[in-house]
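**Student:** here is a sequence together with a model predicted from it:
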Amino acid sequence: MKFTIRKGTKSDASDILGLIQELAVFEKEPNAVIITEKDLIRDGFGDKPLYKVFVSEVKGEIVGMALYYYRFSTWKGKTLHLEDLIVKQKYRGTGIGGGLYRAFLNQALEEGVERTEWVVLDWNTPAIDFYKITGADVLNDWRIVNMNKSQIEAYLSKTQSVCIDE
C-alpha cells in the first residue's frame, strides 16, 4: 500500500484527535479522552510546542500518527517518549505503523538522544511482539505510576504546603 509520512501541522488537529479517540476505544477507555482540538493546536503548534507528531496519509486521508515529546533522564540526558502510535483499524497490517515507528526512531537518531521510551499495554501482544522483533527491550520490572487531577487535589488538600524560593 502506498502511503506518505510527514510532520503534522495544526491543520491536522481534527484528524489527530480522531486517531486519539480511536486509540482510546482500542485501549478499552472510550470515555477517557478529554483533550480538544483547540488543546492540540495550542499545545503542539504554538511558540513552545509540548509535543510533535508524524502523520501518515493514504490518498490525502490521515490514517495514522506517532505523537512524541522530549523528556529528560538523569542517567541518559535528553530522551524521546513515544506517547501514541496509532493506525486506523482498516489500515493495520499494511506497513504504516512500521513506517511511523521508523520515522520516530529516525528522529531520535537525528536528535542524538541516548534513549527512546514508550508504554505498551500488557494485553497488546501484537505490539509487544513487534517491539521485541525490532530489538526493543520490553521491561517487566518497572511500574507506571500516575495521578489524575482529582487525586492530586485530594493529596494536596491533606498535606502541608511547601514554600519554594525563586
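**Tutor:** All right, it came through fine.

**Student:** tell me the buried residues in the longest helix anywhere in the chain?
**Tutor:** Under DSSP state H, the helix in the chain containing the largest number of residues is helix 96-111. Buried residues in helix 96-111, counted by 16 or more other CB atoms under 10 Å: 96, 97, 99, 100, 101, 103, 104, 105, 107, 108. In this view, the C-beta of every residue, glycine as well, is placed from N, C-alpha and C.

**Student:** got a pLDDT number for the second one?
**Tutor:** Right, the one you point to is residue 97. The model reports residue 97 with a pLDDT of 96.

**Student:** correct me, but it touches residue 64?
**Tutor:** Yes: at 6.5 Å, residue 97 counts as touching residue 64 under the criterion of CB atoms under 8 Å.

**Student:** overlap in contacts of those two?
**Tutor:** 85, 87 (CB atoms under 8 Å, 6 or more residues apart in numbering).

**Student:** how about the longest helix of the chain as PDB, C-alpha atoms only?
**Tutor:** The C-alpha trace of helix 96-111 is given here as PDB (Å, rounded to 0.1, in the frame of the first residue of the first chain):
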ATOM      1  CA  ILE A  96       2.000   2.100   8.000                       C
ATOM      2  CA  GLY A  97       2.700   1.500  11.700                       C
ATOM      3  CA  GLY A  98       6.200   0.300  11.000                       C
ATOM      4  CA  GLY A  99       6.800   3.400   8.900                       C
ATOM      5  CA  LEU A 100       5.600   5.700  11.700                       C
ATOM      6  CA  TYR A 101       7.800   3.800  14.100                       C
ATOM      7  CA  ARG A 102      10.800   4.200  11.800                       C
ATOM      8  CA  ALA A 103      10.100   8.000  11.500                       C
ATOM      9  CA  PHE A 104      10.100   8.300  15.300                       C
ATOM     10  CA  LEU A 105      13.300   6.300  15.600                       C
ATOM     11  CA  ASN A 106      15.000   8.300  12.800                       C
ATOM     12  CA  GLN A 107      14.000  11.500  14.700                       C
ATOM     13  CA  ALA A 108      15.600  10.100  17.800                       C
ATOM     14  CA  LEU A 109      18.900   9.500  15.900                       C
ATOM     15  CA  GLU A 110      18.800  12.900  14.300                       C
ATOM     16  CA  GLU A 111      18.300  14.500  17.800                       C
END
